[in-house]
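Novice: got a predicted structure here, sequence first:
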Amino acid sequence: MDISLKNIILAGIGSMAYSYEKGTELIENMIKKGEISVAQGMEINEELKRKKVTPADKDSVTAEQLKEMLLNLATKDDIKDLEKRITELENK
């Protein structure tokens, strides 16, 4: 379970870094094509940098969110109990 949680957290960090890189690349291409000015591109790039979360912050948030999600999942016993109740209700 710990390995899976670690992989999920790393995947989240990786996707965040990938999105940032692609966003920066898109802005640079738009500047080269003249679709936006250099000043606008720099402003957007700075905004992306400000919104970028450090990996340490991202880890703690992701771990907390995953913990909450995992705690709210139904167990196999919960599902079996629900199936039993559904069957009983259908037979009435």
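Specialist: On my side now, so go ahead. Source: prediction; values computed, not measured.

Novice: could you list the buried residues of stretch 74-86?
Specialist: For stretch 74-86, burial by neighbour count (16 or more other Cβ atoms under 10 Å) applies to no residue. Glycine gets a C-beta too; all of them are placed from N, C-alpha and C.

Novice: tell me the mean pLDDT over it?
Specialist: Across stretch 74-86, the average pLDDT comes to 84.

Novice: contacts for that stretch?
Specialist: Around stretch 74-86, nothing counts as a contact under Cβ atoms under 8 Å, 6 or more residues apart in numbering.

Novice: now stretch 25-42
Specialist: For stretch 25-42, using Cβ under 8 Å, 6+ apart, the contacting residues are 44-45, 48.

Novice: rerun at 10 Å
Specialist: 24, 43-45, 48 (Cβ atoms under 10 Å, 6 or more residues apart in numbering).

Novice: quick one: these as a markdown table, columns for neighbour count, secondary structure and pLDDT too.
Specialist: Shown next, in a markdown table, are those (neighbours: other Cβ atoms under 10 Å; DSSP: H, G, I helix; E, B strand; the rest coil; pLDDT from 0 to 100):
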| residue | neighbour count | secondary structure | pLDDT |
| --- | --- | --- | --- |
| T24 | 15 | helix | 78 |
| E43 | 13 | helix | 79 |
| I44 | 17 | helix | 76 |
| N45 | 16 | helix | 73 |
| L48 | 14 | helix | 72 |
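
Novice: nice, that's everything, thank you.
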